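Chemist: Got a sequence here, can you model it:
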Amino acid sequence: MIRAVYEYIYFNLYQWSVKVNGDKYYNNYSASLMMTLVMCINLTTLISIYHVLTDWPIPEGPRVKVAIVVVVILMSLANYKYFTYKDRGLRLVENYKVISGGRDRTGYITGALVFGSLAVLFLTWFIGMHFS
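Modeler: Numbering: from 1, shown residues only. The predicted structure follows:
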């Protein structure tokens, strides 16, 4: 179930990239990077919610910053590998094109996904500042 949602989100991000950049652009790489961005936003939101609910001190320092950069790079590489291995991303796109029947809702779904994730993140930060 989670894998199907993950792949459907990739399909919508890929379609959005095609709509914005055209067919000759590297849309599979663009969609993989956007998946990493959305995953990072959602992970930050979960950490913020945990921080607000438990007063867990968020660690700081150069080692933590390096660890965060390494995690983001690993997430990006994992997304890239998952969707480009044996052209899995392109097969997903073809499969979902047939399933969707030509209806194009990629703008709404992509907008809701990205801006909804950002809204929830900012809401948790606002709540955290309000209750601190």
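Chemist: Check what pLDDT the nearest residue to Ile9 once chain neighbours are set aside gets.
Modeler: Nearest-residue entry for Ile9: Leu113, 6.3 Å, with adjacent residues in sequence omitted and distances by CB to CB, 6 or more residues apart in numbering. Where C-beta positions appear, they are placed from N, C-alpha and C, glycine not excepted. Leu113 carries a pLDDT value of 75.
Chemist: How many neighbouring residues does Leu113 have?
Modeler: 19 (other CB atoms under 10 Å).
Chemist: low-scoring stretches of the chain, by residue?
Modeler: 1, 90, 96-107, 131-132 (pLDDT under 70).
Chemist: In it, where's the longest helix?
Modeler: helix 27-54 (DSSP state H).
Chemist: coming back round to it: dump the residue contacts of the residue nearest to Ile9.
Modeler: Listed by CB atoms under 8 Å, 6 or more residues apart in numbering, the contact partners of Leu113 are Ile9, Asn12, Leu13, Val38.
Chemist: For the third one, grab the count of nearby residues.
Modeler: By the criterion of other CB under 10 Å, Leu13 has 25 neighbours.
Chemist: tell me, what residue is most central in this protein?
Modeler: Among the residues of the chain, the one closest to the centroid is Val38, at 2.3 Å (CA atoms, centre = their mean).
Chemist: now that one: how far from Pro57?
Modeler: Per CB to CB, to the nearest Å, Val38 is found 27 Å from Pro57.
Chemist: again, but for Met39
Modeler: For Met39, the distance to Pro57 - CB to CB - is 24 Å.
Chemist: what about these two, which has more around it?
Modeler: Under the criterion of other CB under 10 Å, the comparison of Met39 against Pro57 puts Met39 first, with 18 against 7.
Chemist: Touching, the more buried one and Leu74? I think so.
Modeler: No. Using CB atoms under 8 Å, Met39 is not in contact with Leu74, being 11.1 Å away.
Chemist: sec struct for Glu7, please.
Modeler: When classified by DSSP: H, G, I helix; E, B strand; the rest coil, Glu7 comes out as helix.
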